[in-house]
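A.B. asks: whatever this is, show me its structure:
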Amino acid sequence: MAEYSSVGAGARIALLLLLVSVLIVGGLVWFDYLGLIDANRVVAPVLRIVGIKRAAPVQGAEDPFLLEVERIKAREEAIALRTAELDGREKQLQTRQAEVDQMAASLAEQKKSLEDQQKSVSAAQKTYDDKVANLRDLSGKLASMPPAQAEALLQEMKDVDIIDVIRVTDQIAVEAGTTSITSKWLSDMPAKRSALIGQKMMLGQP
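C.D. replies: Residues are numbered from 1 along each chain as shown. Here you go, the predicted structure:
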């Protein structure tokens, strides 16, 4: 107790003030290092002496709307990603639509080609049917004529037309179950032409 009392009150106060000063300076240095306060003017010389670099202050730490700003940035990024995704889907849809349009155009072209072919076949069939109808009509008229008159008319016709009339006349006779008169027509013709027509018919020539 005597040793403790030997230290004067002034010394104890000085030690306490020194301790408080050290704590204050240390706190300033620490907070300045963290960038929470600006104590650069006070502690800058001390920091340079001890070789400590002052940390950069937190940007926007004093901004009360910092959290909201971060939320807005995150939302904008999400919107940007969603927009990019939608743009990608739109491009895919456009590509698919182009493929569908191309396929539709190809099908339309094929349909038109088939329609043109059908029209061509129909026209050819009508021409054939008209020809057969005319030949059957001519065959009926020749069959109703006297043989000499029919032979005279046949002589004026081309070989291909005579062959067509003979074939149609033979077909009509088969359908009616009667004897064809074409052999009579051929026998009344000059032998040379009759033989030539018969040869062409045997060879399947027109």
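A.B. asks: quick one: the strands in the protein?
C.D. replies: All residues of the chain lie outside strands when identified by DSSP state E.
A.B. asks: I'd like the mean pLDDT over the longest helix that it contains, please.
C.D. replies: In the chain, taking DSSP state H as the definition, the longest helix is helix 66-144. Averaging pLDDT along helix 66-144 yields 91.
A.B. asks: quick one: list the elements packing against that helix.
C.D. replies: Secondary-structure packing of helix 66-144 (3 or more C-beta pairs under 8 Å, 6 or more residues apart in numbering; DSSP states H and E): helix 147-155, helix 159-176. C-beta here means a position set from N, CA and C on the backbone, and glycine is covered the same way.
A.B. asks: okay, angle between that helix and helix 159-176 too, please.
C.D. replies: With axes from the mean of the first three to the mean of the last three C-alpha atoms, to 10 degrees defining the directions, helix 66-144 sits at 90 degrees from helix 159-176.
A.B. asks: one step back: how about the helices and strands packed on helix 66-144, which one is nearest Arg12?
C.D. replies: Smallest distance to Arg12 across those (C-beta to C-beta): 147.1 Å, for helix 159-176.
A.B. asks: buried set for that closest one?
C.D. replies: 162-166, 168-170, 172-173 (16 or more other C-beta atoms under 10 Å).
A.B. asks: picking up where we left off before, off-centre distance for the longest helix of the chain?
C.D. replies: Its chain's C-alpha centre and that of helix 66-144 lie 12 Å apart, by C-alpha atoms, centre = their mean, to the nearest Å.
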